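[1] Need a 3D model of the sequence below.
(chains A and B)
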2 protein chains.
Amino acid sequence: MNIAIILSYDGTAYHGWQTQKNAATVQQTVTDAVASVLGQDVSVSGVGRTDAGVHARRYVANFHADCTIPMDRLPLAINSHLPMDIAVSGAAVVPDSFDARFSCTRKEYTYLICPGRIRDPFAISRSYFYPYPLDVSAMQQAAAHFIGRQDFAAVRSMGTPVKSTVREIFTCSVDSVGRFVRIRVSADGFLYNMVRAISGTLLYAGQGKFPPDDVRRILDSCDREQAGPTLPPQGLYMSRLWYDSTPELDAFHLAEEWGAPGGLL
Amino acid sequence: MNIAIILSYDGTAYHGWQTQKNAATVQQTVTDAVASVLGQDVSVSGVGRTDAGVHARRYVANFHADCTIPMDRLPLAINSHLPMDIAVSGAAVVPDSFDARFSCTRKEYTYLICPGRIRDPFAISRSYFYPYPLDVSAMQQAAAHFIGRQDFAAVRSMGTPVKSTVREIFTCSVDSVGRFVRIRVSADGFLYNMVRAISGTLLYAGQGKFPPDDVRRILDSCDREQAGPTLPPQGLYMSRLWYDSTPELDAFHLAEEWGAPGGLL
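    Next comes the predicted model:
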């Protein structure tokens, strides 16, 4: 059977999702745990790579295996074989054709910035500490320009070659939640480092390094040099996924019980 | 001059506050940082010991030293010599007679419980994961019995001998904040493991292991065996201190900028 799982991880201790030789990764850790529980080799595929230090809430992965454990008990069974910084919160049997990556119709990432004069030891590995004030309304004005179907070549890093740098951003919002500035971006897909570069561009707008409406010009230039910096990984979370054609996997419902740290995600 | 500092630390990586041989401690780490900044040996004294894994917000320490750095810049100077899981948020010159421990008139500790079926990787080192529901109103009813000047022998662990097990608890409250159950206790002083034993007793009341009003009987018994368990250290935070006779050190004011993780502390 084809089984999808929803999981959450603090990425601090991992070299990203994807299995690598000689490095702890989330994919390998989860694969080993599932194999231990089911007593068989499995190949666990995720919705996408996350970089070293990046976190995830409601990450989706799937694997084909024989399983006699009921789906409502499978998360706890897998969790008992996982380290404390990874947890499976839901599992569902999905159609054979389901693939965590290719069946995904929409993804949301959240980027947390923690502005303040003094760093916060409790936030440091889970947000980007920025020691100056930020103009959130300027960031909101800048964010609006990212929405829509357009070329995002200006806000990506060179990585694996892609056929096109056109994507559709459905939502791009900035708000203040407690002491954090929260950026949320949902799209049909993302280029490499795209959310971290969008966040760096919004940060520059929030510092007043350019007027918010300059984002229009920056995107039109398709020139990475025009945009803001790629912010560091510890502020980034994969925060929500949509699988429109797979009602078995209502990710939001299955993950309902995740309130998230401080209600931020 | 006598300098007081306010600091915050994630205690996960430390064997508590107090300096020990062959173990990383917060006191030694801070002492080394201050000595590096000031270029002289210093002896940093804290308001009290915290156990391995226990956290602190607005912890106060003091040291006697020559210092030409203005007090508003001293925190950043010290922080540049500290690891990211400790941060000084304020500094003030205080009277020579000030002592972080003996001048303190009141302390508050916060204990966070994270109830839920599935553990949260982001909360696991900063709260006590409890995989069953809790009756918060029963916990509130139980908490009221801890308030007042009374003998707390039933809720302490044996440690350094003390003259008396009588203390005055000013406030003892339980509430739900996001997905956490938060216990806050302020007193003129605490016995060893007292907040963790109070929290374990409130947890038992919240599970229905005994009626909330049994706390009266438990306290009157002065018998540690009657009360609930000592909960683990990762849920405990030193969260606020009062120094009534030292206006130079308005801890609350100096630490105002700490919003705290998720607004919980």
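
[2] make it CA atoms for all contacts and neighbour counts henceforth
    Noted.

[3] Where does the stretch 101-250 of chain A get nearest to chain B, which residue?
    Nearest to chain B, among the residues of the stretch 101-250 of chain A, is A:Pro121, at 4.4 Å (CA to the nearest CA).

[4] what number of residues lie near the nearest residue to that residue once chain neighbours are set aside?
    If the residues on either side of it in the chain are set aside, A:Pro121 comes closest to B:Asp85, at 4.4 Å by CA to CA, 6 or more residues apart in numbering or on different chains. Neighbourhood size, B:Asp85 [other CA atoms under 10 Å in any protein chain shown]: 20.

[5] measure B:Asp85 to A:Gln150 for me?
    Here B:Asp85 is placed at a distance of 41 Å from A:Gln150 (CA to CA, to the nearest Å).

[6] picking up where we left off before, helix, strand or coil for the residue of the stretch 101-250 of chain A closest to chain B?
    coil (DSSP: H, G, I helix; E, B strand; the rest coil).

[7] Could you point out the longest strand of chain A?
    strand A:166-177 (DSSP state E).

[8] what does the average pLDDT come to for that strand?
    Across strand A:166-177, pLDDT averages out at 95.

[9] tell me which strands and helices that strand is in contact with?
    helix A:136-144, strand A:148-151, strand A:180-187 (3 or more CA pairs under 8 Å, 6 or more residues apart in numbering or on different chains; DSSP states H and E).

[10] remind me which residues of chain A are low pLDDT?
    Applying pLDDT under 70 to chain A flags residues A:250-265.

[11] Quickly list the domain ranges of it.
    Taking automatic domain parsing as the reference, chain A has its domains at A:2-103, A:106-237.

[12] Please produce JSON lines containing those domains, extended by distance to B:Arg73.
    Putting the domains of chain A into JSON lines (distance: least, CA to CA, whole Å) gives the following:
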{"stretch": "domain A:2-103", "distance to B:Arg73": "30"}
{"stretch": "domain A:106-237", "distance to B:Arg73": "11"}
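
[13] doesn't A:Lys163 make contact with A:Asp151?
    No - if you go by CA atoms under 8 Å, A:Asp151 and A:Lys163 don't touch, sitting 11.9 Å apart.

[14] When these two are compared, which one has more neighbours?
    Set A:Asp151 next to A:Lys163 and count neighbours by other CA under 10 Å: A:Asp151 wins out with 17 against 5.

[15] contacting residues around the residue of the stretch 101-250 of chain A closest to chain B?
    Going by CA atoms under 8 Å, 6 or more residues apart in numbering or on different chains, A:Pro121 touches B:Ser8, B:Tyr9, B:Asp10, B:Met84, B:Asp85, B:Ile86, B:Ala87.

[16] So which bits of the longest strand of chain A are buried?
    Residues A:Val166, A:Arg167, A:Glu168, A:Ile169, A:Phe170, A:Cys172, A:Ser173, A:Val174 are the ones in strand A:166-177 that count as buried (16 or more other CA atoms under 10 Å in any protein chain shown).

[17] and which of these is nearest A:Met139?
    Ranking the buried residues of strand A:166-177 by separation from A:Met139, with CA to CA as the measure, puts A:Val174 on top at 6.6 Å.

[18] count of residues packed around the nearest residue to the closest one once chain neighbours are set aside?
    Excluding the flanking residues, the one nearest A:Val174 by CA to CA, 6+ apart is A:Ile183, at 4.6 Å. Counted with other CA under 10 Å, residues neighbouring A:Ile183 total 25.

[19] the helices in chain A, which residues?
    Taking DSSP state H to define them, one finds helices in chain A at A:26-38, A:74-79, A:136-144, A:194-207, A:214-221, A:251-254.

[20] which of those sits most buried?
    Per-stretch averages of neighbours, counted by mean count of other CA atoms under 10 Å in any protein chain shown, single out helix A:194-207 among the helices of chain A, with a mean of 24.

[21] what inclination does that one have with respect to helix A:136-144?
    Per axes from the mean of the first three to the mean of the last three CA atoms, to 10 degrees, the angle that helix A:194-207 makes with helix A:136-144 is 140 degrees.

[22] For the closest residue to A:Ile118 other than its chain neighbours, grab the count of nearby residues.
    Of all residues not flanking A:Ile118 in the chain, B:Ser89 sits nearest, at 6.1 Å (CA to CA, 6+ apart). Other residues near B:Ser89 come to 27 when the count uses other CA under 10 Å.

[23] pretty sure B:Ser89 is in contact with B:Ser8, am I right?
    Yes - counting by CA under 8 Å, B:Ser89 does reach B:Ser8; the two are 7.5 Å apart.

[24] Is the residue nearest to A:Val174 bridged to anything, and to what?
    Beta-bridge pairing of A:Ile183, defined through DSSP bridges, involves A:Tyr111, A:Val174.

[25] okay but it is in contact with A:Leu112, surely?
    Yes - judged on CA under 8 Å, A:Ile183 makes contact with A:Leu112 at a distance of 6.4 Å.

[26] Relative to chain B, how far out is the residue located most distally from the centre of chain A?
    Distance to the chain centre peaks in chain A at A:Thr68, reaching 31.1 Å (criterion: CA atoms, centre = their mean). As for A:Thr68, its distance to chain B is 21 Å (criterion: CA to the nearest CA, to the nearest Å).

[27] measure that residue to A:Ile5 for me?
    Distance of A:Thr68 to A:Ile5, computed by CA to CA: 15 Å.

[28] now A:Ala24
    20 Å.

[29] Check A:Ser89 too.
    A:Ser89 is 8 Å from A:Ile5, by CA to CA.

[30] tell me, what's touching those two both at once?
    Taking CA under 8 Å, 6+ apart as the contact rule, A:Ser89 and A:Ile5 both touch A:Pro75.

[31] Now render the helices and strands packed on strand A:166-177 as JSON lines, adding distance to A:Ser239.
    JSON lines is the format used below for those (distance: least, CA to CA, whole Å):
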{"stretch": "helix A:136-144", "distance to A:Ser239": "18"}
{"stretch": "strand A:148-151", "distance to A:Ser239": "20"}
{"stretch": "strand A:180-187", "distance to A:Ser239": "9"}
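
[32] so which of those comes closest to B:Gly48?
    Nearest to B:Gly48 among the helices and strands packed on strand A:166-177 is strand A:180-187 (30.7 Å), distances taken as CA to CA.

[33] same for the closest one, what does it pack against?
    Using 3+ CA pairs under 8 Å, 6+ apart, strand A:180-187 is in contact with strand A:106-115, strand A:166-177.
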